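Chemist: Here's a sequence, model it:
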Amino acid sequence: MNQKKIHPELQQLIEKLRHTSAKEGIALWKTVAATLAGSTAKRPIVNISRINLYATEKEVVLVPGKVLATGDLARPIHVAAFRFSKEAKHKIEQAKGKAFSIVELMEKNPKGKEVRILG
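Modeler: Numbers count the residues shown, from 1 in each chain. Below you'll find the model as predicted:
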């Protein structure tokens, strides 16, 4: 039987997401876990320009995939993602926003309030 190999760091993240979802009763984390557990080809890749278009300053953008640097941010936005390109992280910080991991977001905001999933 073919069993899918998952990177240990990713496996731990998926388990934490599922645990937090069950503990807090929040479907957001279960949705993100399901996306990350799926095929890498189906994981979202989101450019800075798309984040700038859809996000507001009051919310946190969650990308269950990778953030790339195409485009610019016109305002400070907090972005949590599984991975960031170096340039994307730099552009977010340059716009006075914050780039952090999904685990950090989950620890700061276990209820998932004012979080928008892009991807």
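Chemist: so where does Glu57 fall, helix or strand?
Modeler: Assessed by DSSP states H and E, Glu57 sits outside every helix and strand.
Chemist: quick one: it and Val79 touch, right?
Modeler: No - using C-beta atoms under 8 Å, Glu57 is not in contact with Val79; the gap is 11.9 Å. The way it works is simple: take the backbone N, C-alpha and C, and place the C-beta from them, glycine included.
Chemist: These two: which has the busier surroundings?
Modeler: Val79 (24 against 9; other C-beta atoms under 10 Å).
Chemist: Tell me the backbone dihedrals of the nearest residue to the more buried one once chain neighbours are set aside, please.
Modeler: With C-beta to C-beta, 6 or more residues apart in numbering as the criterion, Val79 has its nearest non-adjacent residue at 4.8 Å, and that residue is Val61. Val61 has phi and psi values of phi -90, psi 130 when expressed as degrees, to the nearest 10.
Chemist: which residues sit in contact with Val61?
Modeler: 51, 54-55, 77-80, 115-116, 118 (C-beta atoms under 8 Å, 6 or more residues apart in numbering).
Chemist: and it, how far is that from Gln11?
Modeler: 24 Å (C-beta to C-beta, to the nearest Å).
Chemist: longest helix of this structure?
Modeler: Scanning the chain for the longest helix, with DSSP state H as the assignment, gives helix 8-24.
Chemist: Low-confidence regions, the protein specifically.
Modeler: Scanning the chain for pLDDT under 70 picks out 1-5.
Chemist: mind listing the strands for it?
Modeler: All strands of the chain, identified by DSSP state E, fall at 45-47, 60-68, 78-84, 98-101, 115-117.
Chemist: Can you lay out the ones you listed as TSV showing distance to Lys91?
Modeler: Formatted as TSV, those follow (distance: least, C-beta to C-beta, whole Å):
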stretch	distance to Lys91
strand 45-47	10
strand 60-68	9
strand 78-84	10
strand 98-101	9
strand 115-117	19
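Chemist: Of all the ones you listed, which one is nearest Leu36?
Modeler: Comparison of those against Leu36 by C-beta to C-beta identifies strand 60-68 as nearest, at 5.4 Å.
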